[in-house]
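Visitor: quick check, what structure comes out for this input:
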Amino acid sequence: MNDLTLNFQQELLQTQLEIQEQTLQKISQEIHDNIGQALSFVKLNIHTINVYDPNQTQEKLLESKNLISQTIQDLRDLSKTLNTDFIKEIGLVGAIQQQLFFLEKTGSYNTFFRVIGNIYKNQPQAEIVLYRVVQELLNNIIKHSEATRIEVLMQYREDKMSIIVTDNGKGFHENEIQNSGKRGLGLNNIRNRISMLKGVIAIHSHPGKGTEAIIEISKQPGAP
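Guide: Numbering: from 1, shown residues only. Have a look, this model is predicted:
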């Protein structure tokens with residue numbers, strides 16, 4: 001195994017570990033904020049049933065049944081994200097769409113997702129890296145941008161694909177990428193990962209005008 005292959009495998013392992021850590025944080029928050037509250041409401045519903053009032057009893061049981069059904073579905077959705085195999089199962093498009101769904105559920109963001117072209121799968125390793133890069137870009141938006149709107153556009157062409165992530169946040173001067181240690185290191189990490197796929201990434205931002213990140217990679221050899 002040459003140094004280039006070894007470095008790729010090490011970077012891929014690090015990427016997988018980061019995805020798992022980020023996913024577990026989201027699962028913890030989802031259980032606390034949504035599933036826990038839904039089950040608490042079911043418990044309250046059952047506790048306050050008046051057996052002498054059939055209409056009220058039927059209404060509360062129906063509410064509880066619907067909440068439990070939704071909670072079961074939420075748990076199933078969460079279980080699919082416990083390891084990076086879910087990216088292979090639902091594909092990069094489904095995985096990114098799921099990330100936006102979780103952001104939308106927080107109530108803090110309006111998210112928009114669009115796919116252009118005929119979807120195909122790249123090599124699994126490339127899809128894992130691309131997913132992590134998008135995850136990092138979304139995480140930067142959450143931490144730094146003060147945005148309320150997030151858009152992701154995926155475009156599939158015959159020989160290459162692109163992913164464009166846009167927000168309506170406060171933006172920044174592009175030279176801050178070099179001057180800000182924390183942000184610069186994060187974006188350098190993203191660039192290194194895209195470079196590992198022999199792709200390119202361009203980030204455009206201006207104060208008060210949001211940020212746009214454009215990722216482009218060639219179709220990976222061996223992709224169907």
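
Visitor: tell me, what residue is most central in the chain?
Guide: Centroid-nearest residue in the chain: Gln99, 2.7 Å away (criterion: CA atoms, centre = their mean).

Visitor: Ser162 contacts Glu216, doesn't it?
Guide: Yes: here Ser162 reaches Glu216: they are 4.5 Å apart, a contact under CB atoms under 8 Å. Just so you know, the C-beta spots here come from the backbone N, C-alpha and C atoms, and that holds for glycine as well.

Visitor: quick one on the thing from earlier: give me every residue that touches the residue nearest to the centre of the chain.
Guide: Residues in contact with Gln99 (CB atoms under 8 Å, 6 or more residues apart in numbering) are Val134, Gln135, Leu138.

Visitor: how distant is the helix or strand where it lies from the center of its chain?
Guide: Using DSSP states H and E, Gln99 maps to helix 85-105. Remark: helix 85-105 is offset 6 Å from the chain centroid, using CA atoms, centre = their mean, to the nearest Å.

Visitor: any idea how far Thr111 is from the residue nearest to the centre of the chain?
Guide: In this view, Gln99 and Thr111 are 9 Å apart by CB to CB, to the nearest Å.

Visitor: rewinding a little: and the contacts of Gln99, which is closest to Asn189?
Guide: The shortest approach to Asn189 among the contacts of Gln99 belongs to Gln135, at 11.9 Å (CB to CB).

Visitor: tell me the confidence at the closest one?
Guide: At Gln135, the predicted lDDT confidence score is 87.

Visitor: and it, what helix or strand is that in?
Guide: For Gln135, the element it lies in under DSSP H and E is helix 124-140.

Visitor: got the angle for that helix vs helix 85-105?
Guide: If you take axes from the mean of the first three to the mean of the last three CA atoms, to 10 degrees, helix 124-140 sits at 20 degrees to helix 85-105.

Visitor: which strands or helices does helix 124-140 pack on?
Guide: helix 3-30, helix 85-105, strand 160-167, helix 181-196, strand 211-218 (3 or more CB pairs under 8 Å, 6 or more residues apart in numbering; DSSP states H and E).

Visitor: go through these and find the least confident stretch.
Guide: Mean pLDDT values for those show the minimum at helix 3-30, a mean of 64.

Visitor: after that helix, which helix or strand is next?
Guide: helix 36-47.

Visitor: which helices and strands does the helix or strand just after that next one pack with?
Guide: Per DSSP H and E, the first helix or strand lying C-terminal to helix 36-47 is helix 54-79. Under the contact definition 3+ CB pairs under 8 Å, 6+ apart, helix 54-79 sits against helix 3-30, helix 36-47.

Visitor: which parts of helix 54-79 are buried?
Guide: By 16 or more other CB atoms under 10 Å, the buried positions in helix 54-79 come out as Lys60, Ser64, Leu67, Thr71, Asp74, Leu78.

Visitor: hang on, Ile150 in a helix?
Guide: No: read with DSSP: H, G, I helix; E, B strand; the rest coil, Ile150 is strand and lies in no helix.

Visitor: what residues are bridge-paired with it?
Guide: For Ile150, the beta-bridge partners are Thr111, Asp167 (DSSP bridges).

Visitor: residue contacts, it?
Guide: Contact partners of Ile150, counting by CB under 8 Å, 6+ apart, are Leu100, Leu103, Tyr109, Asn110, Thr111, Phe112, Leu138, Ile141, Val165, Thr166, Asp167.
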